[in-house]
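Chemist: curious how this folds, go ahead:
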Amino acid sequence: MLVAAAVCPCPPLLVPEVAAGAAPELDAARTACADALGVLAAARPDLLVVVGPAEQPGRGPHPAGATGSFHGFGVDIDVRLGAGEGQERPLPPSLAVGAWLLTRAQWADAPVEGLGVGEPLASERCLAVGRELGARAERVALLVMGDGSACRTLKAPGYLDERAADFDEGVGRALGAADLEALKALDASLAYELKAAGRAPWQVLAGAAEGAGLAGQLLYEDAPYGVGYFVAAWS
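Modeler: Okay, here's the model as predicted:
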């Protein structure tokens, strides 16, 4: 059963070396992520699964010890997802950011695995995947990586879309209240149009949390680069 979850944004810019001179702009987000991971550790899970958006070939499960890097962003940093033998297939960027957050938090509380989720995955399938994750162990925790709309400003990656602010406001409310029905109801087509990469991972979380009775707290919400970033903790 799911006993705790942390929701964090997944831009490689969270890694200060990648952000370089712009690193201070996400200091508050990094602090909130650390607080959310503290909630995971306090829950004493038997298994932690990091879930994040992924393109091929990064979709699907990534075993303990899987590795990734930020070499593609011009930074010589390698990361590992917990302890284990891993595999040759590298972690997608979202899971690499998750692995970096766990390393930064000196995570050693439970085995860690990863799951890369494709953006087009249908809502019902996301919920089913979440239910499967929730049944993996007696005490399961999730670190859910994902960004909101990338269309909040004229300089945003997806340019300005007037629907973006309302979409992100709804996501923030749902994550802060651990509102499973609101997360389940997220419109996959609208999320795609708004370039909200977190939709599928958040719906995986909604499936995993069914029957768990968790309460939520929104720790951070902002759109510093025209992209909606959220940090929440559920326990």
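Chemist: switch to C-alpha atoms for all contacts and neighbour counts from now on
Modeler: Noted.
Chemist: what residues are bridge-paired with the residue nearest the centre of the chain?
Modeler: What sits nearest the mean C-alpha location of the chain, by C-alpha atoms, centre = their mean, is Met145, with 0.8 Å. Beta-bridge partners recorded for Met145 (DSSP bridges): Cys8.
Chemist: the strands in the protein, which residues?
Modeler: With DSSP state E as the criterion, the chain has strands at 2-8, 47-53, 60-62, 67-69, 78-80, 112-117, 140-145, 216-222, 229-234.
Chemist: ok, and what's touching the third one?
Modeler: Outside of strand 60-62, the residues that reach it under the criterion C-alpha atoms under 8 Å, 6 or more residues apart in numbering are 86-87, 91, 113-117.
Chemist: buried among those residues? Make that a PyMOL selection.
Modeler: Here is the PyMOL command that selects the buried residues among these (16 or more other C-alpha atoms under 10 Å):
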select buried, resi 86+91+113+114+115+116+117
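Chemist: possible to save the contacts of strand 60-62 as TSV with distance to Ala28 and pLDDT?
Modeler: Formatted as TSV, the contacts of strand 60-62 follow (distance: C-alpha to C-alpha, whole Å; pLDDT from 0 to 100):
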residue	distance to Ala28	pLDDT
Gly86	32	83
Gln87	33	85
Leu91	25	97
Glu113	27	97
Gly114	25	98
Leu115	26	98
Gly116	26	98
Val117	27	98
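Chemist: looking at the contacts of strand 60-62, which is nearest Pro11?
Modeler: Leu91 (14.0 Å; C-alpha to C-alpha).
Chemist: so who does the residue nearest to that closest one when sequence neighbours are not counted touch?
Modeler: With sequence-adjacent residues excluded and distances taken as C-alpha to C-alpha, 6 or more residues apart in numbering, Leu91 is closest to Gly68, at 4.7 Å. Contacts for Gly68 (C-alpha under 8 Å, 6+ apart) come out as 78-80, 90-93, 96.
Chemist: swap in 6 Å and give it another go.
Modeler: 78-79, 90-91, 96 (C-alpha atoms under 6 Å, 6 or more residues apart in numbering).
Chemist: who wins on neighbours among those?
Modeler: Leu91 (30 neighbours; other C-alpha atoms under 10 Å).
Chemist: where in this protein is pLDDT low?
Modeler: Along the chain, no part satisfies pLDDT under 70.
Chemist: quick one, helices of the protein?
Modeler: Assigned by DSSP state H, the helices in the chain fall at 16-19, 27-42, 93-104, 123-134, 164-177, 180-184, 188-193, 199-208.
Chemist: remind me what the shortest one packs against, helices and strands.
Modeler: In other words, helix 16-19. On a contact count with 3 or more C-alpha pairs under 6 Å, 6 or more residues apart in numbering; DSSP states H and E, helix 16-19 meets no helix or strand.
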